[in-house]
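Asker: could you look at this predicted model? Sequence included:
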Amino acid sequence: MNNYAVQHYIGIEVAEDPPAQQPGFNTFHKPVRALRAAVFIPYFRQVDRVNQVPDFFNLGKSGLDGLRLARGGRHHLKQGQRNRRIQKLVLQCHRSLSALCRCNGRRRKSYQLRLKRRKSQQPALSRKFSQTLTGHRGPSNLKSRRQSSGRFTMAGIGISRRGFLGSTAAVGLGVLAHPSFSARAFGANDRIVLGIIGAGGMGRGHMENFKNLGAEWGAVCDVYEVNLEAGLEIAGPQSKGYADHRKLLERKDIDAVLIATPEHWHHNHLVDTVQAGKDAYCEKPMSWSIEQGADMVAQVRKTDRIVQVGMQRRSSPAIHECKQLIEQGMLGEINLVRAEWYWNVNLRTRYVLPNKLDWDRFVGPARKQPFDAVRYRNWRYFWDFSGGNMTDQGTHLVDVVQWFTNTTQPRAAYCSGEVYKLQPSETPDTFCAVFEYPRFTCTWTLCYSNSFQSGWGLVFQGQKGTLELCESGYRIYGEPWTGGGTSYSRWGAPPPQIEKLPGGLTSTLPHIQNFLECVKTRKQPNATVELGHQAVRTLHLANVAHHKKTRAALAEDGTTVTT
């Protein structure tokens, strides 16, 4: 059996893999984020006799036989020396350890270390770390996660691997150096306390972004206990978990709510949130139907609440620059717009724990139905819960189309599409929709079975030029004038280079930043509830055309649909 079951590397260098032919070795290397910029533990390597992920502090049970230091070689430690050695190593690795302990780092989803806290097993170690990190002595001073100085405290918990990493993992060198992260710290009197309804993958990603921009999480709500626990781990020990969103909305200390649930719940969640006197960041697509969207606008405008819809391209500096180019007349009159999205995807197949899921609450306002793990994991592909990729991805692109062309709705829509790959889905995985606007025609094409020209794209074709938008940037093509008649000319030169702008074209962080600022200033955000409704209303119209297999027209009132 190889001497070193696990190697810990301290420093920036990434360790080399062990020789594949070395006997007794099972190479198991998955990166773990721990004390970034201070302590790196890039790889865990386990031998056959190790059946669990090593505990950072309870090294005797993990089978650790050796470790490598940044400045030294391998050290073989006796059983009784291991905890003291690792304690000394961590305490000496970086003098700014206490500063790095102010925020939680994101752990890799596929490799979360869910080890129980061991306060009773290691009281002396826990007390010493608490004193070192906070500057306080004795457990009586460890009463809250945030002191008036803003320091992180261990709140009297024991230091297990999970507890230590959960409270001290830093966010990475690039984030720490970015001015928007270091400067946007809310004071004691103006901090924004958030709650989240829907702590799935998208919701938890936004939770990290909100935290990085200075907000604080006070409550997490989800109908699936696995998601709830993962959300609480990000939110921190001061937060509370709920299965019923109404219990969360009763909290007086919650200023705003992030709604990241399936879209069949958006109407109820948004209306309940604003009626409870709280601002909201609602994920797109905003509504499940045209009627629900119109009511959401009406209910929000009965209050003074700030609502931002998650159409983040509204906050992209690059997209704003393209809008200015169109307003300057660079394209002339636009007659055709093409929106496209091409990915090659599969249905999600991760196992669902039925005993941890409140299925009836998940179904909620949709038609009642028996538990179905496929529908839960892939709700976007079933009409009861979603408008499909027509509304899910289309909201991003159609919003930009109507923004750039100063329109709010088409006159009519056509749509043809089918489920070719993602069985047993209901919503098409391949479709082409056509929208009739007063001055131009727009096509919206999606294919989820082929990644040719992978990603999303927008092409605005005007009489003077063409604007091409994609994930990398944008191009402007000048249109050659033919001189009249039936003659035409082709491009005689290579296409222009992509203009790449700082910040990219999908700026989630600026969009969240805009929302947080509007919560404080009470100004209207970049993506208001009206804009969210206008974008998804156009796509609901295309879904009606798909269901009816005919042209669907939208009246000027924006709610009446005829086929």
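Answerer: Perfect, I can see it now. Numbering: from 1, shown residues only.
Asker: contact partners for residue 454?
Answerer: 342, 343, 344 (Cβ atoms under 8 Å, 6 or more residues apart in numbering). Every residue, glycine included, has its C-beta placed from N, CA and C.
Asker: kindly report the same for residue 455.
Answerer: By Cβ under 8 Å, 6+ apart, the neighbours of residue 455 are 341, 342, 343, 470, 471.
Asker: name whatever forms a beta bridge with it.
Answerer: Beta-bridge partners recorded for residue 455 (DSSP bridges): residue 342.
Asker: and it, how far from residue 343?
Answerer: 8 Å (Cβ to Cβ, to the nearest Å).
Asker: ok, now residue 209?
Answerer: The gap separating residue 209 from residue 343 is 23 Å, by Cβ to Cβ.
Asker: tell me the mean pLDDT over stretch 309-327?
Answerer: On average, the pLDDT along stretch 309-327 is 93.
Asker: list the contacts of it.
Answerer: In this structure, residues lying in contact with stretch 309-327 by Cβ under 8 Å, 6+ apart are 281-284, 286, 331, 334, 395-396, 399-400, 403-404, 460, 467, 469, 473-474, 476, 501-508, 510-511, 513-514, 526-529, 531-532, 535.
Asker: which ones among those residues map onto helices?
Answerer: 395-396, 399-400, 403-404, 508, 510-511, 513-514, 529, 531-532, 535 (DSSP state H).
Asker: buried ones among the residues you listed?
Answerer: Neighbour-count burial (16 or more other Cβ atoms under 10 Å) is assigned, among those, to 395-396, 399-400, 403-404, 508, 510-511, 513-514, 529, 531-532, 535.
Asker: so of these, which two are at opposite extremes in space?
Answerer: Largest separation among those by Cβ to Cβ: 404 and 513, giving 22.9 Å.
Asker: how many neighbours does residue 344 have?
Answerer: 12 (other Cβ atoms under 10 Å).
Asker: which one of the contacts of residue 454 is nearest residue 236?
Answerer: Nearest to residue 236 among those: residue 343, at 34.4 Å, using Cβ to Cβ.
Asker: so the closest one sits right up against residue 448, yeah?
Answerer: Yes - with contact defined as Cβ atoms under 8 Å, residue 343 reaches residue 448; the gap is 5.5 Å.
Asker: the two: which has the busier surroundings?
Answerer: Neighbours per residue, other Cβ under 10 Å: of residue 343 and residue 448, the larger number sits with residue 448, 23 against 16.
Asker: which residues touch the residue nearest to the more buried one when sequence neighbours are not counted?
Answerer: Leaving aside its chain neighbours, residue 448 sits nearest to residue 429 (4.2 Å; criterion: Cβ to Cβ, 6 or more residues apart in numbering). By Cβ under 8 Å, 6+ apart, the residues touching residue 429 are 381, 389, 418, 419, 420, 421, 422, 446, 447, 448, 449.
Asker: mind doing that once more with 6 Å?
Answerer: The contact partners of residue 429, taken as Cβ atoms under 6 Å, 6 or more residues apart in numbering, are 419, 421, 422, 448.
Asker: fine by me, we can end here.
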